[in-house]
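1. here is my input; please provide its structure:
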Amino acid sequence: MTANHSANRQILLKLLIASVMMFGFGYALVPMYQALCKVTGINVVTSKNDYGVRAFSPNKVGNTQVDYSRKVTIEFDSNSRGPFTFKPVKNFLEVHPGEMTEIVYEVTNNLGRSVEAQAIPSYAPKSATEFFTKLECFCFQQQTLAAHEMKKMPVVFVIDAGLPQDVKTITLSYTFFELGVGVPPAGSTTPKSKGV
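-> Okay, the predicted model is just below:
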(Lines give C-alpha, C1' and ligand atoms only; values in the text may rest on other atoms or scores of the structure.)
Protein backbone atom coordinates (compact mmCIF):
# COMPACT_ATOMS: atom_id res chain seq x y z
CA MET A 1 0.00 0.00 0.00
CA THR A 2 2.77 2.49 0.87
CA ALA A 3 4.75 1.50 -2.25
CA ASN A 4 1.66 2.29 -4.37
CA HIS A 5 1.15 5.57 -2.51
CA SER A 6 4.82 6.48 -3.01
CA ALA A 7 4.59 5.69 -6.74
CA ASN A 8 1.51 7.90 -7.04
CA ARG A 9 3.35 10.75 -5.31
CA GLN A 10 6.28 10.44 -7.69
CA ILE A 11 3.98 10.53 -10.72
CA LEU A 12 2.14 13.54 -9.31
CA LEU A 13 5.43 15.34 -8.67
CA LYS A 14 6.66 14.60 -12.21
CA LEU A 15 3.38 15.85 -13.71
CA LEU A 16 3.56 19.01 -11.61
CA ILE A 17 7.15 19.71 -12.70
CA ALA A 18 6.24 19.04 -16.36
CA SER A 19 3.27 21.44 -16.09
CA VAL A 20 5.42 24.21 -14.61
CA MET A 21 8.07 23.69 -17.31
CA MET A 22 5.45 23.82 -20.11
CA PHE A 23 3.96 27.02 -18.67
CA GLY A 24 7.42 28.57 -18.41
CA PHE A 25 8.26 27.63 -22.00
CA GLY A 26 4.97 29.06 -23.29
CA TYR A 27 5.51 32.24 -21.30
CA ALA A 28 9.03 32.61 -22.73
CA LEU A 29 8.00 32.21 -26.40
CA VAL A 30 6.87 35.82 -26.94
CA PRO A 31 10.02 37.47 -25.50
CA MET A 32 12.17 34.99 -27.44
CA TYR A 33 10.33 35.85 -30.67
CA GLN A 34 10.62 39.60 -29.99
CA ALA A 35 14.36 39.26 -29.29
CA LEU A 36 14.84 37.30 -32.51
CA CYS A 37 12.94 39.96 -34.49
CA LYS A 38 14.99 42.75 -32.91
CA VAL A 39 18.32 41.04 -33.59
CA THR A 40 17.50 40.16 -37.20
CA GLY A 41 15.61 43.39 -37.96
CA ILE A 42 13.15 41.37 -40.01
CA ASN A 43 9.98 42.16 -38.13
CA VAL A 44 8.89 44.89 -35.76
CA VAL A 45 6.84 44.02 -32.70
CA THR A 46 5.91 46.80 -30.31
CA SER A 47 3.92 46.55 -27.11
CA LYS A 48 0.72 48.47 -26.46
CA ASN A 49 2.47 50.47 -23.74
CA ASP A 50 5.14 51.64 -26.19
CA TYR A 51 2.43 52.90 -28.54
CA GLY A 52 0.70 54.72 -25.69
CA VAL A 53 3.90 56.42 -24.59
CA ARG A 54 4.68 57.54 -28.13
CA ALA A 55 1.13 58.71 -28.75
CA PHE A 56 0.71 60.77 -25.60
CA SER A 57 4.26 61.75 -24.64
CA PRO A 58 4.61 65.48 -23.84
CA ASN A 59 7.68 65.53 -26.08
CA LYS A 60 5.46 64.64 -29.05
CA VAL A 61 2.76 67.29 -28.54
CA GLY A 62 3.83 69.17 -31.68
CA ASN A 63 3.34 66.02 -33.73
CA THR A 64 -0.38 65.81 -33.01
CA GLN A 65 -1.07 68.69 -35.42
CA VAL A 66 -2.43 67.61 -38.80
CA ASP A 67 -0.23 68.52 -41.77
CA TYR A 68 -2.82 69.17 -44.50
CA SER A 69 -0.11 70.16 -46.98
CA ARG A 70 1.11 66.57 -47.23
CA LYS A 71 -0.40 63.14 -47.99
CA VAL A 72 1.08 59.73 -47.30
CA THR A 73 -0.29 56.55 -48.88
CA ILE A 74 -0.75 53.72 -46.39
CA GLU A 75 -0.95 50.30 -48.03
CA PHE A 76 -2.53 47.44 -46.09
CA ASP A 77 -1.30 43.88 -46.52
CA SER A 78 -2.42 40.63 -44.91
CA ASN A 79 -1.02 37.13 -44.57
CA SER A 80 -2.53 34.18 -42.76
CA ARG A 81 -0.85 31.10 -41.40
CA GLY A 82 -3.66 28.76 -40.54
CA PRO A 83 -7.35 28.19 -41.20
CA PHE A 84 -8.28 31.83 -41.79
CA THR A 85 -9.55 34.18 -44.44
CA PHE A 86 -7.87 37.45 -43.44
CA LYS A 87 -7.89 40.78 -45.30
CA PRO A 88 -8.23 44.55 -44.91
CA VAL A 89 -11.50 46.15 -46.04
CA LYS A 90 -9.42 48.59 -48.14
CA ASN A 91 -6.06 48.02 -49.79
CA PHE A 92 -4.82 51.57 -49.18
CA LEU A 93 -5.71 54.98 -47.75
CA GLU A 94 -4.25 58.43 -48.24
CA VAL A 95 -3.72 60.20 -44.91
CA HIS A 96 -2.32 63.48 -43.65
CA PRO A 97 0.45 63.21 -41.05
CA GLY A 98 -1.00 63.88 -37.59
CA GLU A 99 -4.49 62.75 -38.66
CA MET A 100 -6.14 59.96 -36.65
CA THR A 101 -7.17 57.20 -39.07
CA GLU A 102 -8.99 53.88 -38.78
CA ILE A 103 -8.77 50.80 -40.99
CA VAL A 104 -10.68 47.57 -40.43
CA TYR A 105 -9.41 44.06 -41.05
CA GLU A 106 -11.77 41.10 -41.42
CA VAL A 107 -10.91 37.59 -40.33
CA THR A 108 -12.95 34.40 -40.69
CA ASN A 109 -12.23 31.13 -38.92
CA ASN A 110 -12.77 28.45 -41.58
CA LEU A 111 -12.72 25.57 -39.08
CA GLY A 112 -15.58 23.86 -37.29
CA ARG A 113 -13.90 24.51 -33.93
CA SER A 114 -12.79 27.58 -32.01
CA VAL A 115 -9.21 28.79 -32.36
CA GLU A 116 -6.85 31.13 -30.50
CA ALA A 117 -4.90 33.41 -32.80
CA GLN A 118 -2.55 36.40 -32.82
CA ALA A 119 -1.55 39.03 -35.37
CA ILE A 120 1.99 40.34 -35.76
CA PRO A 121 2.60 43.63 -37.60
CA SER A 122 5.49 44.67 -39.79
CA TYR A 123 6.23 47.85 -41.73
CA ALA A 124 7.97 48.93 -44.90
CA PRO A 125 10.09 50.90 -45.17
CA LYS A 126 11.58 50.02 -41.81
CA SER A 127 12.56 53.68 -41.28
CA ALA A 128 8.84 54.56 -41.06
CA THR A 129 8.26 52.31 -38.04
CA GLU A 130 9.01 54.94 -35.39
CA PHE A 131 6.58 57.37 -37.06
CA PHE A 132 3.67 54.90 -37.18
CA THR A 133 1.75 55.09 -33.90
CA LYS A 134 -1.11 52.66 -33.25
CA LEU A 135 -3.65 53.85 -30.68
CA GLU A 136 -5.88 50.78 -30.97
CA CYS A 137 -5.08 47.47 -32.64
CA PHE A 138 -6.32 43.90 -32.65
CA CYS A 139 -2.64 42.89 -32.57
CA PHE A 140 -2.38 44.11 -28.96
CA GLN A 141 -4.03 40.91 -27.71
CA GLN A 142 -4.81 37.35 -28.68
CA GLN A 143 -8.05 36.74 -30.56
CA THR A 144 -10.50 33.90 -29.93
CA LEU A 145 -12.64 32.93 -32.91
CA ALA A 146 -15.55 30.52 -32.59
CA ALA A 147 -16.21 27.93 -35.29
CA HIS A 148 -16.81 29.75 -38.64
CA GLU A 149 -16.90 33.13 -36.86
CA MET A 150 -16.13 36.31 -38.81
CA LYS A 151 -14.77 39.35 -36.94
CA LYS A 152 -14.18 42.94 -37.97
CA MET A 153 -11.09 44.23 -36.17
CA PRO A 154 -10.12 47.92 -36.19
CA VAL A 155 -6.70 49.55 -36.22
CA VAL A 156 -6.57 53.23 -35.20
CA PHE A 157 -3.29 54.96 -36.02
CA VAL A 158 -1.53 58.27 -36.52
CA ILE A 159 1.43 59.00 -38.78
CA ASP A 160 3.84 61.33 -36.99
CA ALA A 161 4.34 64.66 -38.74
CA GLY A 162 8.09 64.13 -38.36
CA LEU A 163 8.00 61.39 -41.01
CA PRO A 164 10.84 62.11 -43.49
CA GLN A 165 9.64 63.96 -46.60
CA ASP A 166 11.00 61.30 -48.97
CA VAL A 167 8.66 58.64 -47.51
CA LYS A 168 5.52 58.80 -49.64
CA THR A 169 4.20 55.28 -49.02
CA ILE A 170 4.13 53.05 -45.93
CA THR A 171 3.03 49.42 -46.00
CA LEU A 172 1.42 47.99 -42.86
CA SER A 173 1.38 44.22 -43.02
CA TYR A 174 -0.10 41.70 -40.58
CA THR A 175 0.45 37.99 -40.32
CA PHE A 176 -2.44 36.30 -38.53
CA PHE A 177 -1.65 32.84 -37.19
CA GLU A 178 -3.16 30.17 -34.99
CA LEU A 179 -1.52 29.87 -31.59
CA GLY A 180 -0.20 26.52 -30.47
CA VAL A 181 0.80 25.34 -33.95
CA GLY A 182 4.09 27.20 -34.33
CA VAL A 183 5.13 30.79 -35.01
CA PRO A 184 5.34 31.86 -38.67
CA PRO A 185 8.80 32.53 -40.10
CA ALA A 186 9.67 36.16 -39.36
CA GLY A 187 10.96 36.75 -42.90
CA SER A 188 7.55 35.92 -44.37
CA THR A 189 5.90 39.00 -42.86
CA THR A 190 8.15 41.71 -44.28
CA PRO A 191 6.19 43.42 -47.05
CA LYS A 192 7.68 45.01 -50.13
CA SER A 193 6.74 48.65 -50.35
CA LYS A 194 6.15 50.51 -53.59
CA GLY A 195 6.77 54.15 -54.35
CA VAL A 196 9.04 55.00 -51.41
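2. worst mean pLDDT across the helices and strands of the chain, which element?
-> In the chain, no helix or strand scores lower on mean pLDDT, DSSP states H and E than helix 48-56, which sits at a mean of 38.
3. and the next helix-or-strand element following that helix, which strands flank it?
-> As assigned by DSSP states H and E, the chain's next helix or strand after helix 48-56 is strand 72-81. Strand 72-81 has the following strand partners under DSSP bridges: strand 92-95 (antiparallel), strand 169-178 (parallel).
4. most tightly surrounded among the ones you listed?
-> For the strands paired with strand 72-81, the largest average neighbour count (mean count of other C-beta atoms under 10 Å) is found in strand 169-178, namely a mean of 23. (Glycine included, C-beta is placed from N, CA and C.)
5. quick one: mean pLDDT for that strand?
-> For strand 169-178, the mean pLDDT works out to 93.
6. show me where pLDDT drops low in the protein?
-> For the chain, the stretches flagged by pLDDT under 70 are 1, 27-30, 32-64, 181-196.
7. how is it partitioned into domains?
-> Annotated domains of the chain cover 1-40, 45-189 [automatic domain parsing].
8. out of these, deepest packed?
-> domain 45-189 (a mean of 16).
9. how distant is that domain from the center of its chain?
-> 7 Å (C-alpha atoms, centre = their mean, to the nearest Å).
10. with distance to Phe86 added, can I get the strands paired with strand 72-81 in CSV?
-> CSV is the format used below for those (distance: least, C-beta to C-beta, whole Å):
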stretch, distance to Phe86
strand 92-95, 17
strand 169-178, 5
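11. out of those, which gets nearest to Ala7?
-> When these are compared by C-beta to C-beta, strand 169-178 sits nearest Ala7, at 38.2 Å.
12. where does His5 fall, helix, sheet strand or coil?
-> helix (DSSP: H, G, I helix; E, B strand; the rest coil).
13. likewise for Arg113?
-> Quick answer, by three-state DSSP: Arg113 is coil.
14. now the one 5 residues further on
-> The three-state assignment at Gln118 reads strand, by three-state DSSP.
15. from Thr175, how far off is it?
-> Counting by C-beta to C-beta, to the nearest Å, the separation of Gln118 from Thr175 is 9 Å.
16. got it, and Ala147?
-> 22 Å.
17. now Val107
-> From Val107 to Thr175 the distance is 12 Å (C-beta to C-beta).
18. and for Pro154?
-> 18 Å.
19. Ala119 now?
-> Counting by C-beta to C-beta, the gap from Ala119 to Thr175 is 7 Å.
20. residue nearest the centroid of the chain?
-> Ile120 (2.8 Å; C-alpha atoms, centre = their mean).
21. bridging residues for that one?
-> The partner residues for Ile120, given DSSP bridges, come to Thr175.
22. so it sits right up against Cys139, yeah?
-> Yes: in this structure, Ile120 is within contact of Cys139 by C-beta atoms under 8 Å, at 6.7 Å.
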